[in-house]
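Novice: mind looking at a prediction? Sequence and model below.
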Amino acid sequence: MADLSIDFCSIQSPNPFWLASGPPTNTGDQIKRAFDRGWGGAVWKTLGNPVKNVNSRYAAMSKGRNKIIGLNNIELITDRGLSINLQEMGEVKKAYPENAVVASIMADSFAEWQELIARVEQTGADGIELNFSCPHGMCERGLGSAIGQEPAVAEKITRWARECSSLPIIVKLTPNVADINEQGMAAVAGDAHGVALINTIKSIIGVDLDDFIPYPKLRNGSTNGGYCGPAVKPIALHMVASLNRNPDFSLPVSGIGGITNWQDAAEFLALGCSTVQVCTAVMHHGFGIIDEMIKGLSVYLSEMNMESVAELRGRALPHYKDWAELDMNYKVVATIDEDKCIGCGKCYTACQDGAYQALALSRKTTKEGKPIPTVLGDRCTGCNLCSLVCPVECIAMVDVSESDEIESWNEIVARGKFVVKDGLSSTESTKSIA
């Protein structure tokens, strides 16, 4: 089987699956149970001056019965005393020397950062994650994402941490910014050893239309929280990829955001991550999901003839391109398997009202007498919408490219092949926009 062990910022771990800082890493007992089950590492719930949390602090977007696709929380950092957290951290590391134990920390001044780092180092922890990313509660106090959203401040505090500690310093980035690269480069400038991303996305998940209090509800109202879970995975993948393909960014990355199974993890690794962190999926399903993650990734790597996780890292990055680099000669059209079609009409309605009117209702029917859609090939733009809404997967997109030559928009414009027939008065203006 493939070797799942990893080295992240000189932190060794038996596999790339770590618990992210949050409720599953709130106590030493939880982390011990996770390590016993097979998790490779854990980032302790953020330490700092203890806070007082409110009750009623989670709300969810659901699909089907009890299926969380997005979780919103207004929970803050640890509300347990610093001494007990540090004591348990030392006990965990001593009992599980092969597993990665990372302390997430948050402080308010140089003196506080210095003291907290010194106390963490005494536990034997493997590394320190700087929480520059909490999007609620703490940011209102000038901490969390209030730091991450100010690259100059983030760089300064990262340097403080480097000066105070001999441990690897990892900066946890906030997604609540216009460009993740600014934070990534601040971490580089601050001499961090690595970064972790993304933390939760600032959000309001809904409103009770009876009393008009947003969720999660308290007696006198609510507030914006942090959004996480499967729904944020596409955003996390984009931000991870954006950083990892930046030629000026070269730090190891720990990927976070909606990871639920081994396939999710493999996608983050393929986009350049060295390790992945999981939180919401554990809150939903428990520590036992690690069994499938380890087995699934091991089998996948073996099937792909890869001997280690390192061989997977970054394999997708060369295929992540700017729009103007994509092949304009590639063409697909929809085809419908009439034997599988149930005549629900979802594809027809979606194409008629939301796409390109490339489907018609034919005289052919299902056994139940429902009309089977047919594709108008000359109108089909290959947008994929019909195949995405089909509930029985009877629609496939078939390659009908007339040429094997790959030609991008940039190449078309450079060769002067693009001519405006019905649009702006100047072709040059279109070229400049492109």
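Specialist: Ah, there it is. Numbering: from 1, shown residues only.
Novice: could you chop this protein up by domain?
Specialist: Domain segmentation of the chain under automatic domain parsing yields 6-319, 322-434.
Novice: what's the offset of the last one from the middle of its chain?
Specialist: For domain 322-434, the distance from its own C-alpha centre to the chain's C-alpha centre is 29 Å (C-alpha atoms, centre = their mean, to the nearest Å).
Novice: what's the mean pLDDT across that domain?
Specialist: Domain 322-434 carries an average pLDDT of 90.
Novice: look at residue 398 and give its secondary structure.
Specialist: strand (DSSP: H, G, I helix; E, B strand; the rest coil).
Novice: start the count at 27 instead of 1 going forward.
Specialist: Shifting the count to begin at 27 puts that one at residue 424.
Novice: what is the burial count for it?
Specialist: By other C-beta atoms under 10 Å, 11 other residues sit near residue 424. (Glycine included, C-beta is placed from N, CA and C.)
Novice: that one against residue 357, yeah?
Specialist: No - look at residue 424 against residue 357 with C-beta atoms under 8 Å: they stay out of range, at 9.7 Å.
Novice: now the strands for the stretch 127-276 of the chain?
Specialist: Taking DSSP state E, counting those that start in this stretch, the strands of the stretch 127-276 of the chain run over residues 153-157, 195-198, 220-223, 227-229, 251-254.
Novice: tell me the residue furthest from the middle of this structure?
Specialist: residue 389 (45.7 Å; C-alpha atoms, centre = their mean).
Novice: surely that residue forms part of a strand?
Specialist: Yes - counting by three-state DSSP, residue 389 is located in a strand.
Novice: grab the nearest non-local neighbour of it.
Specialist: Spatial nearest neighbour of residue 389, chain neighbours left out: residue 397 (7.5 Å); criterion: C-beta to C-beta, 6 or more residues apart in numbering.
Novice: ok, now which ones touch that neighbour?
Specialist: The contact partners of residue 397, by C-beta atoms under 8 Å, 6 or more residues apart in numbering, come to 369, 371, 387, 388, 389, 390, 391.
Novice: ok, back up a step: distance of the residue farthest from the centre of the chain relative to residue 416?
Specialist: As for residue 389, its distance to residue 416 is 21 Å (criterion: C-beta to C-beta, to the nearest Å).
Novice: what residues of stretch 365-373 count as buried?
Specialist: By neighbour count on 16 or more other C-beta atoms under 10 Å, the buried set for stretch 365-373 is 367, 369, 370, 371, 372, 373.
Novice: my read: the fifth one touches residue 418, true?
Specialist: Spelled out, it's residue 372. No - between residue 372 and residue 418 there is no contact under C-beta under 8 Å: 9.7 Å.
Novice: residues in contact with residue 67?
Specialist: 37, 39, 43, 44, 45, 125, 126, 127, 128, 152, 301.
Novice: verify the stated contact: the third one with residue 321.
Specialist: Right, residue 43. No - using C-beta under 8 Å, residue 43 is not in contact with residue 321; the gap is 11.5 Å.
Novice: these two: who's more crowded?
Specialist: residue 43 (25 against 13).
Novice: related to what we said a few turns ago, and the two most separated of the contacts of residue 397?
Specialist: Farthest pair in the contacts of residue 397 (C-beta to C-beta) is 371 and 389. Separation: 15.0 Å.
Novice: in which helix or strand would I find residue 394?
Specialist: Secondary structure from DSSP states H and E places residue 394 outside every helix and strand.
Novice: check residue 340 too.
Specialist: Judged by DSSP H and E, residue 340 forms part of no helix or strand.
Novice: backbone dihedrals for it, please?
Specialist: Per-residue torsions, residue 340: phi 80, psi 10 (degrees, to the nearest 10).
Novice: right, and it touches residue 294 too?
Specialist: No - if you go by C-beta under 8 Å, residue 340 and residue 294 don't touch, sitting 10.9 Å apart.
Novice: okay, the two: which has more neighbours?
Specialist: Legend: neighbour count by other C-beta under 10 Å for residue 340 and residue 294, higher for residue 294 (29 against 18).
Novice: which residues are in contact with the more buried one?
Specialist: 262, 263, 266, 281, 285, 302.
Novice: how about 10 Å then?
Specialist: By C-beta atoms under 10 Å, 6 or more residues apart in numbering, the contact list for residue 294 reads 42, 259, 262-263, 266-267, 279-285, 300-303, 338-339, 342.
Novice: the nearest residue to residue 323 once chain neighbours are set aside: neighbour count?
Specialist: Distances taken as C-beta to C-beta, 6+ apart place residue 288 nearest to residue 323, at 4.4 Å, with adjacent residues excluded. For residue 288, the neighbour count with other C-beta under 10 Å is 22.
Novice: please report the distance of residue 288 from residue 326.
Specialist: From residue 288 to residue 326 the distance is 7 Å (C-beta to C-beta).
Novice: over to residue 370?
Specialist: 34 Å.
Novice: give the contact list for residue 286.
Specialist: Going by C-beta under 10 Å, 6+ apart, residue 286 touches 94-95, 255-256, 259, 304, 306-308, 310-311, 315, 318-319.
Novice: check for me that it belongs to a helix.
Specialist: No - Residue 286: not assigned to a helix; according to three-state DSSP it is coil.
Novice: element containing the residue nearest to residue 104 when sequence neighbours are not counted?
Specialist: If you skip the residues right next to it in sequence, residue 104 has residue 71 as its closest partner in space, 4.9 Å away by C-beta to C-beta, 6+ apart. Per DSSP H and E, residue 71 falls inside strand 67-73.
Novice: report the distance from stretch 178-186 to the chain centre.
Specialist: Worked out by C-alpha atoms, centre = their mean, stretch 178-186 lies 24 Å from the chain centre.
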